[in-house]
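**Q** Coordinates for the following, if possible.
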Amino acid sequence: MIRHELYKIFSQKIVYIAFSLLIGLQVFQFFNQLPDIKQIQVTRQAFQQYGGLVTDEKLNWAIENKELYGNNSELAQQIEDETDPIAKQQLREQFVNIRAPFEVAIDILKLDENIQHRKESVIRIEQKLAANEPPPAYDQQAIFLTKERNALLHMASYPSHAFYKDGWRNILNYFEEAGHLLIGAMIIISVAGLYSREYNVKMDALLLSSRYGRSRAPIAKIIAVIMFSCIVVITFFGIEFLCNAFIYGLDGIDKPLVNVTSFFSSTLFPYSIGYYIVVRTILVCIGTSSLALFVLFISAHSRTPLVPAFAGGFVFLLPFAVIFMESFVPYSLVTIVFIAFRFFEFLQFESFADYSYVNIFGYAVEYTSLTVTQAIVYILLTSILIIVTMRKRQVKE
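**A** Numbers count the residues shown, from 1 in each chain. This next block holds a predicted model:
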């Protein structure tokens, strides 16, 4: 029955139309924003030559060569003033060859700065714990501060690695940039008509009067929608991953995430980039499933696909709209929206594993645990409501 429900999802022409348009938009955006390929190749070669494990020798090299490679303003001005196309291209290639080692030197120095920042953060946390700064209502904050301190100490002992990170930044930022919007749109478009179309062709009378029409069939549809959600997430993210891997390579996939310096302030994930990608993709699959089942639940109550599509899009984009209207909306309403309608956040998990916490009735609850728990509760709740709806549904002539 699950296979049959999956077949019904993939038999919709709208699925292939939406997939083609959204994937086409994603691939177009990637290549449209792509820097010069020659520049990428030269920079990647520079990281392979000068990068790798950061030692005292490489740190000294970065300090000595930062000014040497960075002082290229005169060359940049020559490129701007040059009118001959051939000479201008030659100057650009020269500029790229000079700029590439400079980027390696900057990355090495940033890695060293981050180690110092981590040590300073540990000192500040220990001072907070010693001074007992958190008020009594936040006693549990000490637990999270201790976790954060231990994670920082653990990561401070990691050897730093310099490698080309532009591709990894694209991949790691995918879900909170365009990814969640593309995936959310694909899910809403594909799931909105699953029940509605059955009602329109009077197929519900046949299904509900069959042996398992009110028991196993809804469960099979729920499982099929969850599987489809995972397929969508993996496919969209997989294409983004492959595009970046093809252009930028996979150097550093086995290195700790903290080596990607732009992620230092937003995560304390102590493992490799590859492991982070796998875990976060699983979490996004869970969040996407909660959105898909919400849309399926609305579809079970509507005879037209437009209603569940509109409802799904509304609750998905509502927090985004509230952000722009925050000055005109009461704070209590903003709080309710961000607590009850978190599908926008479920498809991002932007603050994943950063030990941030939320105050709930005086208790400090870890953000990631709260978000995952809420997404799973939504999945269970909507699944139960769908099953109850179909068991109680009366067939209309």
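**Q** Next, work out how far apart residue 350 and residue 367 are.
**A** Residue 350 sits 10 Å away from residue 367, going by C-beta to C-beta, to the nearest Å. In this view, the C-beta of every residue, glycine as well, is placed from N, C-alpha and C.
**Q** neighbour count winner among these two?
**A** When residue 350 and residue 367 are compared for neighbours, residue 367 comes out ahead with 19 against 16, by other C-beta atoms under 10 Å.
**Q** what number of residues lie near residue 2?
**A** Count around residue 2 with other C-beta under 10 Å applied: 15.
**Q** and the gap between it and residue 194?
**A** In this view, residue 2 and residue 194 are 14 Å apart by C-beta to C-beta.
**Q** How about residue 387: what's its closest non-neighbour residue?
**A** residue 218 (4.9 Å; C-beta to C-beta, 6 or more residues apart in numbering).
**Q** what's the pLDDT at that neighbour?
**A** If you check residue 218, the pLDDT there is 84.
**Q** ok, it - contacts?
**A** When the contact criterion is C-beta atoms under 8 Å, 6 or more residues apart in numbering, the partners of residue 218 are 386, 387, 390, 391.
**Q** Could I have the PyMOL command that selects the buried members from those?
**A** Typed into PyMOL, the line below selects the buried ones among the contacts of residue 218, using 16 or more other C-beta atoms under 10 Å:
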select buried, resi 386+387+390
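**Q** Including distance to residue 324, could the contacts of residue 218 go into a markdown table?
**A** Formatted as a markdown table, the contacts of residue 218 follow (distance: C-beta to C-beta, whole Å):
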| residue | distance to residue 324 |
| --- | --- |
| 386 | 33 |
| 387 | 37 |
| 390 | 38 |
| 391 | 41 |
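**Q** Just the ones of the contacts of residue 218 in helices?
**A** 386, 387, 390, 391 (DSSP state H).
**Q** the strands in this structure, which residues?
**A** Assigned by DSSP state E, the chain shows strands spanning 52-53, 161-162, 357-360, 363-366.
**Q** These: lowest mean pLDDT?
**A** Taking the mean pLDDT of the strands of the chain, strand 357-360 comes last: a mean of 66.
**Q** What about the closest residue to residue 43 other than its chain neighbours, how many residues nearby?
**A** The shortest distance from residue 43 to any non-neighbouring residue, by C-beta to C-beta, 6+ apart, is to residue 100 (4.5 Å). Residues lying near residue 100 (other C-beta under 10 Å) number 22.
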